[in-house]
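J.: please find the sequence and the predicted model below.
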Amino acid sequence: MLARCLLTPFIALLLVACETASTVPTAENLDAMEQRVRGDHRQHYLDLEDQRRSGKITELEYADAKAALDKRVQNKVDTMLWSRHALVQSEMKANGIPTPDKPIENTPPGVGGVQNSLYNSQRQNGLGSQIQGNLMRDLTGGGVSNPRRAGTQYDP
């Protein structure tokens, strides 16, 4: 009984750790799943080999049939692993957990509400900067032809 009480939290912690790991199929996952699916299709491979040995099919037909069977196995492996990944991703999205294609929305506080801030909405839409530039030009009396403007040789 004591062992069960100690083992249950450990298993729960292990399951949580596995949940947070990436579900993107790795080469090892693909290879392991391919071995398992090939084991499931072992009888098909044996039947195909028996047909070749008995002369029911030629070497060319055997090669074509084996390639088709290999393709079917590979498609099943890909479908199984990527479907699992898609299900986990959709479950995470449904629970509000960020995923690579749905990250956390992190908008800065007070966007456009603080004057002279980096996130001033006047600077974002372009119209504010145009009005501001025209106002500054009119106030300073500056223009392209003004020799005293900043950046010229007459700049004090």
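T.: That came in fine, so what should we check first?

J.: what packs against the helix or strand encompassing Glu61?
T.: If you go by DSSP states H and E, Glu61 is part of helix 59-94. Counting contacts by 3 or more CB pairs under 8 Å, 6 or more residues apart in numbering; DSSP states H and E, helix 59-94 packs against helix 27-40, helix 42-54. For the C-beta atoms, the positions are set from N, CA and C on the backbone; glycine is no exception.

J.: look up phi and psi at Pro103.
T.: phi -70, psi 180 (degrees, to the nearest 10).

J.: and stretch 92-108, what's buried?
T.: Buried residues in stretch 92-108, counted by 16 or more other CB atoms under 10 Å: Met92.

J.: swap that for stretch 53-70, please
T.: Across stretch 53-70, burial judged by 16+ other CB under 10 Å covers Ile57, Tyr62, Ala65, Leu69.

J.: low-scoring pLDDT stretches of the chain, where are they?
T.: Low-confidence segments of the chain (pLDDT under 70): 1-20, 107-156.

J.: about what we covered before: which among the helices and strands packed on helix 59-94 is found nearest to Ala86?
T.: Of all the helices and strands packed on helix 59-94, helix 27-40 sits nearest to Ala86, with 14.5 Å by CB to CB.

J.: got the angle between the closest one and helix 42-54?
T.: 60 degrees (axes from the mean of the first three to the mean of the last three CA atoms, to 10 degrees).

J.: numbering from 15 from now on, please.
T.: Sounds good: first residue 15 from here, last item helix 41-54.

J.: can you list contacts of helix 41-54?
T.: Pro39, Tyr59, Val87, Gln88, Lys90, Val91, Asp92, Met94, Leu95 (CB atoms under 8 Å, 6 or more residues apart in numbering).

J.: scan those and report the most crowded one.
T.: Using other CB atoms under 10 Å as the neighbour test, the contacts of helix 41-54 are led by Val91, with 21 neighbours.

J.: who's in contact with it?
T.: Contacts for Val91 (CB under 8 Å, 6+ apart) come out as Leu44, Met47, Glu48, Val51.
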